[in-house]
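Enquirer: Got a predicted model here, sequence first, then my questions.
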Amino acid sequence: MRNGKGDATVAAEVYGELTFAGEIMRKHLPENVYRTLRLTMQHGSPLDPEIANTVAHAMKRWAIEHGATHYSHWFQPLTGSTAEKHDAFITPTGDGHAIERFSGDQLVQGEPDASSFPSGGIRETFEARGYTAWDATSPAFIYKSGDTATLCIPTAFVSWTGEALDKKTPLLRSIQAVSKQALRVLKIFGTDEGVSQVITTLGCEQEYFLIDREYWERREDLRLCGRTLLGTPAAKGHQLDDHYFGAIPERVMAFMAEVERRLYELGVPVKTRHNEVAPGQYEIAPIFENANVATDHQMLIMQILRAVAPHHDFVCLLHEKPFAGVNGSGKHNNWALSTDTGVNLLDPRDDAHTNMQFLVFLVAVIRAVDLHADLLRAAIASAANDHRLGANEAPPAIISIYLGDMLSDILEQVARGQAKSTKRGGKLNLGAHTLPQIPRHAGDRNRTSPFAFTGNKFEFRAVGSSASIAWPNTVLNTIVAESLDYMATQFERKVGKNPTPARLETAVKALLKQVVREHRRVVFDGDNYSFDWHTEAENRGLPVLRTAADALPALTARKAQALFNKYDVLSKRELQARTSVLLEQYCTIVGIEARTLVSMLKREALPAALRYQAELAGAVAASDAAGVDAVEARADLQYLVEQIAELYRAIELVEKAEGAGHEDAARHAARIRDRLLPAMEQARAISDALEQSIPDDLWPLPRYSEMLFLR
C-alpha cells in the first residue's frame, strides 16, 4: 500500500501520464488536429504535414510541464539497442537572450549524423549524413532519469539515399505488406467491409535474471559479456521446480513494483509477473498491442529493467544464457493478425472446420513457415541465442509448427479432401464436489515447439531474451505476406472478382487441400527436445541450422533477396547490409568473449590454481618430513599439476584461434564455429574442473551457488 492505495489503484492513476497519447493528446491538441493525428496512429492514414507545427507546440508544452528541458529523436539502429541525441528546447536568439523553440520541422525530421552506427556498407564513416523521421504511429513519451526528463520521439533512421539504417523502417514496411495481402483475402470472402487495414499484434514475454550487484562487479565476464564464461553449476539448480511460479522474494517484488510503475507511466501495458524456471530468473509480460508500438515498448521494458535494478542492489541480466547448465532466457513472441475493427483472424471460433477464412489464414502461415524456415531461423540467430537454442529448456534450432490435437486433426481431414468435424475439449471433472467442472481446451500446449499455435495466435518461442523483436517480426510479416499473396492470387484466378458462395467454397477446399499436402511436413506436435526429432526433421527435408554461422547465410540467397524486394520491405542492398552487420556482430561478440575468457583464466583461475598447488605441495612436503605417506594428497597434487598444464595449453589454443587471419565475415563466422568456440569450451571445462577442487578462500570468483541463490 502507498498512501492508503493499492498498487493497482496507483497504476491506474499513473498509467500513460508520460505518453503523448489518448486523453493527454486530446487535452493538448485542437479537436480537428487530434482527430487527424489519431487517424494516422490508429488506422495508418497518411500523416498530414500541415498539423506538424501544432502537434510540436503541444508536445513541447506538455513535456515542459513534466520537467523536460530537452527532446530526442529516439531510434533503433542496427546495434539491436536504442539510440538518442538530446537537443535543448532553449535556443539562443543572438541578442543575449534565449527562447523555448520546438517546431514542426524539428518534430518531423532530424539529422543526428550517427555515422558510427553499423551500416553494413551502405555508407562510410565520412559519409555522415543520416536522417531521423517521426513515426507518428508510435506515441512520444517522456523518459525520466533521476531529476532529468527528456521528450523522446520514436523515429525511423535512414541514410542520405533513403536506405534504412534501422530496425523500425523495415518493420513498418512489413506491417504494410502483410496488411495489403490480408485485405485481398478478406475481400474475396466479403468480410472487408469497414476494414481499412489488418494489424499485426504482439505480446512478448520477457525473461531475465537478477543477481546481486556485488557479484556482477566481481566478474569480468558478466560486466563485459553479460554471461559467465567460467563457473560450474551449483549442486542444486531447478531440479525440484520449486522456484517456478513460487512466492516472489520481497526484495525482488519491490524491484518488480518499481519497474511496473515506471512502465505504466510510459503507457506500457505490463500485465504479468512471476518466478521463472531457474533460480534467480523472472518474467514480465505486457498485453497485446500493434506490432510497431509493441516493439518500441519492448525496448523500453528492457531499458527500464536494467535502469531500475541498481536501485535494489541488483543487476538485470538479459543474456540468453548467463549461466551454463541453467535454464536460459527467451522472449516468447506472441503474434497474431487482427482487423482494425477488432476481429482476430487467427481465432478458430467454435467450429473451426467450417471457418474457411480462418483455415486460409492458418494454412497461409503454415506454408510461409515451411517455405521460409531458414529465414525464420536466421531472424533469431545470434551468438547469445546459440547457447540457448536446443538446450533443455528452449526449442531446438529447427523451425517447426505445433498445432495441437484439434487443428492437426482438421488439417488431416483437409488433406483427405474435406474437414467435417472439430474436436471438442469437453469438461474436466476434478473429483471434489467443492471444485467446479472446468472447460478443457481441445488441444494441449507444447512448450518444446519453436512456433506454436496457442488458441488464437502463434507463439514464436525461439526469439532470444536480449533481442529486439523488430527483425524477427519483419521476417515473419514478410513471409506471411508472400503466402497470403499466393493464396489470394490463386483464389482470384479460380473464382473471379464476384464469386458465388458455392464456387468460392469449392476453390477454398481445393487450395487448402493442395497447400496442406505440400507443406504439412513442417507441422510437428511431438517432443522437440527429443534427439530423434533431429533425424526426423532431416528426413522431412527441414533445414537443420544449428548455429548462427549456419543460419545467417540464408539471408544472402537469391530467394531471400527476391522476397524482401518484391514486398518493398528491404532492397537487395539493405538486406546485404543487415546480413553483413549480423555476421560482424556474431564474430565481434565471440571475439570479445574469447579475450575476456583468456584474461580471466590468466589473471584469476590460473593464479588460484597455482596458489592451491603451492599449498598442496607444502602439505605433501610436511607429511614427508614427518614420515607420513600422504597418498591422497600426493594424488591430488599430481592431478592438479596435470590440470594446470592442460589449462596452459587450452589458453594457447584459444589465443591462436581468436587471433587467426581475417577473412570475409561468413568464413570468419564458420572458423569461429569450428575452431574458436570448441577451444573456449575446452578451456572452460578444465577451469570448471579446477574450480570444484579449489577451496573458497583461494577461488577469486563468485560461484553459481552464491549468485543464483542469495536474495
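Expert: Happy to help now that I have it. Note that the coordinates shown come from a computational prediction; the quantities given were computed from them, not determined experimentally.
Enquirer: okay, which residue is most central for this structure?
Expert: Geometric centre of the chain, nearest residue: Ala467, 3.9 Å, by Cα atoms, centre = their mean.
Enquirer: and that residue, that one's in a helix?
Expert: No: using DSSP: H, G, I helix; E, B strand; the rest coil, the secondary structure at Ala467 is coil, not a helix.
Enquirer: Can you name the residues that contact Ala235?
Expert: Ser705 (Cβ atoms under 8 Å, 6 or more residues apart in numbering). Backbone N, C-alpha and C define where each C-beta goes, glycine included.
Enquirer: mind checking the SS state of it?
Expert: coil.
Enquirer: Which pLDDT does the model give it?
Expert: For Ala235, the pLDDT comes out at 72.
Enquirer: ditto for Leu222
Expert: So Leu222 comes in at 97 (pLDDT).
Enquirer: from what I can see Arg218 touches Glu706, true?
Expert: No: taking contacts as Cβ atoms under 8 Å, Arg218 lies outside contact range of Glu706: 9.9 Å.
Enquirer: Could you list the low-confidence segments of the stretch 1-150 of the chain?
Expert: Counting by pLDDT under 70, the stretch 1-150 of the chain shows low-confidence ranges at 1-12, 92-100, 113-114, 123-128.
Enquirer: Which parts of it are helices?
Expert: 7-14, 22-28, 31-43, 52-65, 104-108 (DSSP state H, counting those that start in this stretch).
Enquirer: what's near enough to touch the closest residue to Gln281 other than its chain neighbours?
Expert: In space, and not counting its chain neighbours, Gln281 is closest to Phe209: 5.2 Å by Cβ to Cβ, 6 or more residues apart in numbering. Taking Cβ under 8 Å, 6+ apart, we find Phe209 in contact with Ala278, Gly280, Gln281, Tyr282, Cys316, Leu317, Pro322, Phe323, Ser329.
Enquirer: Let me have the helices of the stretch 1-150 of the chain in a markdown table, adding distance to Val252 and mean neighbour count as columns.
Expert: Formatted as a markdown table, the helices of the stretch 1-150 of the chain follow (distance: least, Cβ to Cβ, whole Å; neighbours: other Cβ atoms under 10 Å):
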| stretch | distance to Val252 | mean neighbour count |
| --- | --- | --- |
| helix 7-14 | 15 | 13 |
| helix 22-28 | 31 | 15 |
| helix 31-43 | 36 | 16 |
| helix 52-65 | 33 | 19 |
| helix 104-108 | 40 | 18 |
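Enquirer: do you know which of those helices lies nearest Thr474?
Expert: helix 31-43 (20.5 Å; Cβ to Cβ).
Enquirer: Contacts for that closest one, please.
Expert: With Cβ under 8 Å, 6+ apart, helix 31-43 has contacts from 21, 25-26, 29, 45-48, 51, 54-55, 136-137, 139, 196-197, 340.
Enquirer: of these, buried ones?
Expert: Buried members of the contacts of helix 31-43, scored by 16 or more other Cβ atoms under 10 Å, are 21, 25, 29, 45, 47, 51, 54-55, 136-137, 139, 197, 340.
Enquirer: Output those residues as JSON lines; include the columns distance to Tyr639.
Expert: Below are these laid out as JSON lines (distance: Cβ to Cβ, whole Å):
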{"residue": "Ala21", "distance to Tyr639": "65"}
{"residue": "Met25", "distance to Tyr639": "70"}
{"residue": "Leu29", "distance to Tyr639": "75"}
{"residue": "Ser45", "distance to Tyr639": "73"}
{"residue": "Leu47", "distance to Tyr639": "71"}
{"residue": "Ile51", "distance to Tyr639": "76"}
{"residue": "Thr54", "distance to Tyr639": "77"}
{"residue": "Val55", "distance to Tyr639": "72"}
{"residue": "Ala136", "distance to Tyr639": "67"}
{"residue": "Thr137", "distance to Tyr639": "64"}
{"residue": "Pro139", "distance to Tyr639": "62"}
{"residue": "Gln197", "distance to Tyr639": "68"}
{"residue": "Asp340", "distance to Tyr639": "69"}
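Enquirer: on that earlier part again, give me the phi and psi for the residue nearest to Gln281.
Expert: phi -110, psi 150 (degrees, to the nearest 10).
Enquirer: Likewise for Thr339?
Expert: phi -80, psi 160.
Enquirer: Show the pLDDT at the residue nearest to it when sequence neighbours are not counted.
Expert: Spatial nearest neighbour of Thr339, excluding adjacent residues (Cβ to Cβ, 6+ apart): Val195 at 4.5 Å. pLDDT, Val195: 94.
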